[in-house]
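> starting from these lines, generate the structure:
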Amino acid sequence: MKKYLTIFFAFFLFQAHAQSLNSYLEKIRNNPAKLTAFFSQMPKGGDLHHHYSGSVYAETFINHIIQKDYFINRETLEVSAKAPSNDEKWAKLSVIEKEGQLGEYKFRLLQKWSVKDYNNVSIPSDKQFFETFSHFDIASEDDMDSGLLEIKERAIKEHVSYIETMLSSAKCGKTEDLSLRFNPQFQLLQTQKNGQKCKVLLDTLYNELIKKDIISCADNFSVNTVNKLHNSLRIDDENFTMRYQTYTVRILEASDVFKRLLIAFDAASKDPLIVGVNILAPENNDIAMRDYWLHMQMFKYCHSKYPSVKYAMHAGELTLGLVKPEELTWHINAAVRDAGASRIGHGVDMPYESDSYGLLNYMKEKEVAVEINLFSNEFILKVKGDRHPVTLYKEFKVPIVIGSDDAGVLRTNLTEQYVLLASRYPEFTYEDIKRIVYNSINYSFIKEPSVKQKLLARLNKDFGQFEELVLNTYSKR
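Residues are numbered from 1 along each chain as shown. Reported below is the predicted structural model:
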């Protein structure tokens, strides 16, 4: 009897706490400052839609190129380790500093390497966002050490205990001879949409790539990039855990997309730190749109070779006006039903998808989570408020996780995403939001059960402390 009374009391206390937290959230829902204070302190579990290079703030990359004393083009702000020519437009940053102009150049670089001070006029917002990455590549690829440590330190301060970051794509030797042979055949199949013929062609290309020993590229990426960085920087500790996705890029020609995808799957199949695979770059790019069906066949094929590997896919990062209406009807369907994605990123075009109700029910039944990135969707796609499908996913009980996407480029953080969720969508109660936080661990791609259990136990403890803090504070007011 005593045991049952203890359980009953614990359950009653839990319900009372939940009701009190729900009440407090409703009280502050329309006050951004109070919401920010609330969510800043709330444990947030994991960030599952997270790009490494886009999450480092531009100030870090700018400090790196200044320390390296790289060259900068005075007009275009292009940065190079070596002066491309004797053109007087190029100068070392130390020279710029001596001229007393370094502060001005840093300010201009911040505007070019992020969305800071974007005026909604100069260029389209999606173009502003996606072009930043090529501008700061020279720093992001050269200084991963400080970038990863910055991400970790910021996460701990923000009460984020896990990040699953899209780190990089493995580099490998050139295969132009295969491109010349295979790309025309792939484009013919793309027009025919013949899945069986596509599988036969992928089989042939797979064998050719294996002969070229591309698997060694996967091994090298695992050992000399991921494990070397992770272990030397001591990323994992009692307060924080990080795991990595690798990826292919959807704006390359077909044979190169498949080569990178195969390397990514092989690396993820062997290394516990590399937990998943993704596909990156603007979904509305001409090549990405043309080859979308083909890319889904490639994922399906690689999954047949590496059935244990999990993968998320950027899918449905589209909206009316960005592409033709008919292109909004099938991308999420193809990613989930054809390619077999375990999670999808963004999923903004869901309301336009063919049989969207059936697709939503399918995602619920198969537990395919959607990674919601509210500020990213607002900036890039101009989709926010009631135009965003986050409440549609909630209505159909599709598992939801909240991501920051590219916090450095967007000048945001994970806390702001929860503030936007609570302030814009009153349908989400405190209990709903807490469930989303737990989803970020439960739907992560972490391979080691002990690591996932440790993170969940830590989350239980942190939520207990957080709720006690809020209740004690709230009761005194």
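> tell me where the stretch 51-200 of the chain has strands.
With DSSP state E, counting those that start in this stretch, the ranges of strands along the stretch 51-200 of the chain come out as 71-73, 79-80, 90-92, 160-168.
> where along the stretch 351-477 of the chain do the strands fall?
Under DSSP E, counting those that start in this stretch, the stretch 351-477 of the chain gives strands at 369-372, 400-402.
> these: which one's closest to residue 422?
strand 400-402 (10.7 Å; C-beta to C-beta). The C-beta positions use only the backbone N, C-alpha and C, and glycine is treated the same way.
> give me the distance between residue 162 and residue 452.
9 Å (C-beta to C-beta, to the nearest Å).
> just name the most buried of the strands of the stretch 51-200 of the chain.
Using mean count of other C-beta atoms under 10 Å, the stretch among those with the greatest mean number of neighbours is strand 160-168 (a mean of 24).
> residue 358: how many residues sit nearby?
Neighbourhood size, residue 358 [other C-beta atoms under 10 Å]: 12.
> ok, now which ones touch residue 90?
71, 72, 73, 74, 80, 83, 84 (C-beta atoms under 8 Å, 6 or more residues apart in numbering).
> spatially nearest residue to the second one (excluding sequence neighbours)?
Closest residue to residue 72 in three dimensions, ignoring its sequence neighbours and counting by C-beta to C-beta, 6 or more residues apart in numbering: residue 79, at 5.3 Å.
> hmm, that neighbour is touching residue 69, no?
No: assessed by C-beta atoms under 8 Å, residue 79 is found out of contact with residue 69, at 11.0 Å.
> that older thread, shared neighbours, residue 162 and residue 452?
441, 444, 446.
> most neighbours among the residues you listed, please name it.
That'd be residue 444 among these, by other C-beta under 10 Å, with 26 neighbours.
> who touches that residue in this structure?
Residue 444 touches 46, 48, 162, 164, 243, 275, 452, counting by C-beta under 8 Å, 6+ apart.
> so which of the residues you listed are in helices?
Under the assignment DSSP state H, the contacts of residue 444 contribute residue 452 to helices.
> now for the contacts of residue 444, which pair is the farthest apart?
48 and 452 (12.8 Å).
> between these two, who's got more neighbours?
residue 48 (27 against 17).
> next, the nearest residue to residue 451 once chain neighbours are set aside: phi, psi?
Ranked by C-beta to C-beta, 6+ apart and with sequence neighbours excluded, the top spatial neighbour of residue 451 is residue 241, at 6.3 Å. For residue 241, the backbone dihedrals (degrees, to the nearest 10) come out as phi -140, psi 140.
> how many other residues sit next to residue 241?
By other C-beta under 10 Å, neighbour count at residue 241 equals 24.
> can you start the count at 22 instead of 1 from here on
Shifting the count to begin at 22 puts that one at residue 262.
> if I pick it, what's in contact with it?
Residue 262 touches 182, 183, 184, 256, 467, 472, 475, 476, counting by C-beta under 8 Å, 6+ apart.
> starting at the chain centroid, how far to stretch 177-187?
Chain-centre distance of stretch 177-187: 12 Å, with C-alpha atoms, centre = their mean, to the nearest Å.
> could you give the mean pLDDT of that stretch?
Mean pLDDT, stretch 177-187: 98.
> returning to what we had before: most packed of the strands of the stretch 372-498 of the chain?
strand 390-393 (a mean of 26).
> residue 94 is in contact with residue 110, correct?
Yes: at 5.4 Å, residue 110 counts as touching residue 94 under the criterion of C-beta under 8 Å.
> can I see the domain layout of the protein?
If you go by automatic domain parsing, the domain ranges for the chain are 66-74+169-484, 80-161.
> just put the ones you listed in CSV and tack on distance to residue 51.
Below are these laid out as CSV (distance: least, C-beta to C-beta, whole Å):
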stretch, distance to residue 51
domain 66-74+169-484, 7
domain 80-161, 26
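> hang on, residue 239 packs against residue 281?
No: with contact defined as C-beta under 8 Å, residue 239 does not reach residue 281; the gap is 10.3 Å.
> give me the common contacts of these two.
By C-beta under 8 Å, 6+ apart, the residues touching both residue 239 and residue 281 are residue 191.
> surely residue 127 is in contact with residue 83?
Yes: here residue 127 reaches residue 83: they are 5.5 Å apart, a contact under C-beta under 8 Å.
> neighbour count winner among those two?
residue 83 (21 against 18).
> who's in contact with the closest residue to residue 427 other than its chain neighbours?
Of all residues beyond its chain neighbours, the one nearest residue 427 is residue 75 (2.8 Å), with distances taken as C-beta to C-beta, 6+ apart. Taking C-beta under 8 Å, 6+ apart, we find residue 75 in contact with 153, 154, 426, 427, 428, 429, 430, 431.
> so which of the domains of the chain is the most packed in?
Scoring these by mean count of other C-beta under 10 Å, the most buried comes out as domain 66-74+169-484, with a mean of 19.
> for residue 350, what are phi and psi?
The phi/psi pair for residue 350 (degrees, to the nearest 10) is phi -100, psi 0.
> for it, what are its contacts?
373, 374, 375.
> if we can go back for a sec, from the contacts of residue 75, which two are the most distant?
Among these, 154 and 428 lie farthest apart (C-beta to C-beta), at 13.8 Å.
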